[in-house]
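# model this:
(one chain, ligands or ions: 1)
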Amino acid sequence: MKVLIAGGGTGGHLFPGIALAEEVVTRHHANQVVFVGTERGLEARVVPQAGFPLEFIQAQGLKGKGFFQLLKGLLALPMALIASFRILNRHKPDVVVGVGGYASGPVVLAAWMLGIPTAVQEQNALPGLTNKVLGKLVKVVFVAFDEARRFFPEGKVQLVGNPIRRKLMDNYLRSHVAHEYFTVLVFGGSLGARGLNQRMVDALEHLKDVKEQIRFVHQTGKNDVERVRKGYADQGFQAEVVEFIEDMSAAYARADLVVCRAGATTLAELTVCKKASILVPFPFATDDHQAVNARALVEAGAAVMFREAELTGQKLAEQIRLLKSEPMRLKQMEKKAGLLGRPEASKELADVCVDLMVQTYGAAGREREPQDAAPKTSKASKP
Ligand SMILES: CC(=O)N[C@H]1[C@@H](OP(=O)(O)OP(=O)(O)OC[C@H]2O[C@@H](n3ccc(=O)[nH]c3=O)[C@H](O)[C@@H]2O)O[C@H](CO)[C@@H](O)[C@@H]1O
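Okay, the predicted model is just below:
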């Protein structure tokens, strides 16, 4: 089976795609995955690192950018479609899955026009514009929140959760590694969050009395690392402050408490890794979708949420102190987070991809050019 995954931009869109890709290629040695993204997205760095081929198209967003940006985006669409047709004709995928982000729209649209089976994966409780439009065309819409169902045609929706990268899945079985100090992991989605960085630095002066008992691992995003590092140092706290955490699995495993945004992929990871969290949704997310995402965890008792506008450093410090002082409550929150986890999401997505391929091309998949074909011996047992 060959799956083409389109989209990316940020980690929240890309990493569920990587998780699906990992599942597909581990199922059978002849299975292949190719990604299509944009040169300015996170995929340009992460996909090659993960060992998957990546094609680029030039694509732009259409929503919320003003009239000229909209016009620019619309004018760029025909070129993006032509590039997508070329890529699809070259790779001849059995299934195309859009994960959101700029490249997703044109590639999934082109695949649909060519009669290739298509699906989209919507990570959030409130879908973005592209997925709402594509949802009308594709065969299957994967959602992670029940709230997202109502935006898509009935009968196409499959509620499977957000796929989690393989390395993070290790935490499903072993969510803690031994460590000496109470450890707080602070991160602001894949790009970091200045607002959250500031609140955390402001909180430190209210945590001085427990500074010997507490450690921080803090991801800042670009251009804020020095300022935040200095913030911890000035107050005498031990903290690992980095721009981006490559190994989130290790970071979660060490964390007793997570302070973060409420991006959908982050939340899926918190539940699979069974982590208690303080959530501060990104206040400018389209339709406030991060707050809606967060609600599921808050209502289940797995997290507490603060709106950024109402969160002072002092309030954040009080909440950290409170949770640190109540290990039983933290354990309960972890348990409740775990109950929401969907560790099988990538498997379920991959199963549906196989079904889509079989329905359209039969069990052997599409005929390919010899250099691209699966080894002869394996064809009978595909996928
Ligand atoms: C500002 C914005 O619109 N953000 C959106 C974006 O968020 P964003 O890209 O921030 O995505 P999420 O918070 O959902 O996921 C972040 C991902 O990045 C990984 N990670 C994070 C930090 C780090 O240092 N290293 C690392 O690997 C996390 O493990 C996770 O896999 O996509 C999400 C999923 O559609 C949406 O819910 C968010 O609202």
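# how close does whatever residue of the stretch 201-350 of the chain ends up closest to the ligand sit to A291?
When distances are taken as Cβ to the nearest ligand atom, the stretch 201-350 of the chain reaches nearest to the ligand at G263, 2.0 Å away. Heads up, the C-betas are built off the backbone N, CA and C, glycines and all. Taking Cβ to Cβ, to the nearest Å as the measure, G263 falls 12 Å from A291.
# the two: who's more crowded?
Neighbours per residue (other Cβ atoms under 10 Å) separate G263 from A291, with G263 holding more: 31 against 20.
# for the more buried one, grab phi and psi.
phi -60, psi 150 (degrees, to the nearest 10).
# got the residues of the stretch 251-383 of the chain near the ligand?
261, 263-266, 269, 282, 285, 289-290, 293 (Cβ under 6 Å from any ligand atom).
# now with 8 Å?
Contacts of the stretch 251-383 of the chain with the ligand, taken as Cβ under 8 Å from any ligand atom, map to 251, 260-269, 282, 284-286, 289-290, 293.
# show the buried residues in those.
Buried by 16 or more other Cβ atoms under 10 Å: 251, 260-269, 282, 285, 289-290, 293, out of these.
# restricted to helices, list these.
Secondary structure assignment by DSSP state H places 251, 264-269, 289-290, 293 of those in helices.
# just flag the most distant two among those residues.
Farthest pair in those (Cβ to Cβ) is A251 and H289. Separation: 24.4 Å.
# including pLDDT, could the ones in helices among the buried ones among the residues of the stretch 251-383 of the chain next to the ligand go into JSON lines?
Putting these into JSON lines (pLDDT from 0 to 100) gives the following:
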{"residue": "A251", "pLDDT": "94"}
{"residue": "A264", "pLDDT": "97"}
{"residue": "T265", "pLDDT": "96"}
{"residue": "T266", "pLDDT": "97"}
{"residue": "L267", "pLDDT": "98"}
{"residue": "A268", "pLDDT": "97"}
{"residue": "E269", "pLDDT": "96"}
{"residue": "H289", "pLDDT": "95"}
{"residue": "Q290", "pLDDT": "97"}
{"residue": "N293", "pLDDT": "96"}
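# okay, those in JSON lines with distance to T10 next?
Output for these, formatted as JSON lines (distance: Cβ to Cβ, whole Å):
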{"residue": "A251", "distance to T10": "18"}
{"residue": "A264", "distance to T10": "11"}
{"residue": "T265", "distance to T10": "9"}
{"residue": "T266", "distance to T10": "11"}
{"residue": "L267", "distance to T10": "14"}
{"residue": "A268", "distance to T10": "14"}
{"residue": "E269", "distance to T10": "14"}
{"residue": "H289", "distance to T10": "13"}
{"residue": "Q290", "distance to T10": "12"}
{"residue": "N293", "distance to T10": "14"}
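# in the stretch 51-200 of the chain, what residue comes closest to the ligand?
G189 (2.2 Å).
# what is the neighbour count of that residue?
There are 22 residues near G189, going by other Cβ under 10 Å.
# just checking, it touches E269?
No - using Cβ atoms under 8 Å, G189 is not in contact with E269, being 11.2 Å away.
# give me the neighbour count for V177.
Neighbour tally, V177, other Cβ under 10 Å: 11.
# can you check the one 3 residues further on too?
The burial count assigned to E180 is 7, neighbours taken as other Cβ under 10 Å.
# work out for me the element it sits within.
Assigned by DSSP states H and E, E180 belongs to neither a helix nor a strand.
# and it, what are its phi and psi?
Dihedral angles (degrees, to the nearest 10) for E180: phi -80, psi -40.
# show the contacting residues for E308.
E308 sits next to 195-196, 199, 280-283 when contact means Cβ atoms under 8 Å, 6 or more residues apart in numbering.
# go on, A6?
35-37, 84, 96-99, 103-104, 107-108.
# now do the SS call for the residue of the stretch 51-200 of the chain closest to the ligand.
Classification of G189 using DSSP: H, G, I helix; E, B strand; the rest coil returns coil.
# distance check, it against F15.
Computed as Cβ to Cβ, the G189 to F15 distance reads 11 Å.
# L316 now?
According to Cβ to Cβ, L316 and F15 sit 26 Å apart.
# of the two, which one has the most company?
Taking other Cβ under 10 Å, L316 and F15 do not tie; F15 has more neighbours (28 against 23).
# list the helices and strands the helix or strand harbouring that one packs on?
Assessed by DSSP H and E, F15 sits inside helix 11-27. Other helices and strands packing on helix 11-27, by 3 or more Cβ pairs under 8 Å, 6 or more residues apart in numbering; DSSP states H and E, are strand 2-6, strand 32-37, helix 43-50, strand 118-122, helix 166-173, helix 264-272, helix 345-361.
# right, so of the ones you listed, which gets closest to G338?
Comparing the helices and strands packed on helix 11-27 by Cβ to Cβ, helix 264-272 comes nearest, at 6.7 Å.
# picking that back up, and the residue of the stretch 201-350 of the chain closest to the ligand, how far from Q359?
Applying Cβ to Cβ, the value for G263 to Q359 is 33 Å.
# show me where pLDDT drops low in the protein?
62-65, 172-175, 368-383 (pLDDT under 70).
# so which residues of it form strands?
Along the chain, counting by DSSP state E, strands occupy 2-6, 32-37, 54-56, 95-98, 118-122, 140-143, 157-159, 182-187, 214-219, 239-242, 257-260, 277-279, 303-305.
# now the second one - C-alpha only, PDB.
Provided in PDB are the C-alpha atoms of strand 32-37 (Å, rounded to 0.1, in the frame of the first residue of the first chain):
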ATOM      1  CA  GLN A  32       5.300   3.200   1.400                       C
ATOM      2  CA  VAL A  33       4.400   6.700   2.600                       C
ATOM      3  CA  VAL A  34       5.100  10.000   0.900                       C
ATOM      4  CA  PHE A  35       4.400  13.500   2.400                       C
ATOM      5  CA  VAL A  36       3.500  16.700   0.600                       C
ATOM      6  CA  GLY A  37       4.000  20.000   2.400                       C
END
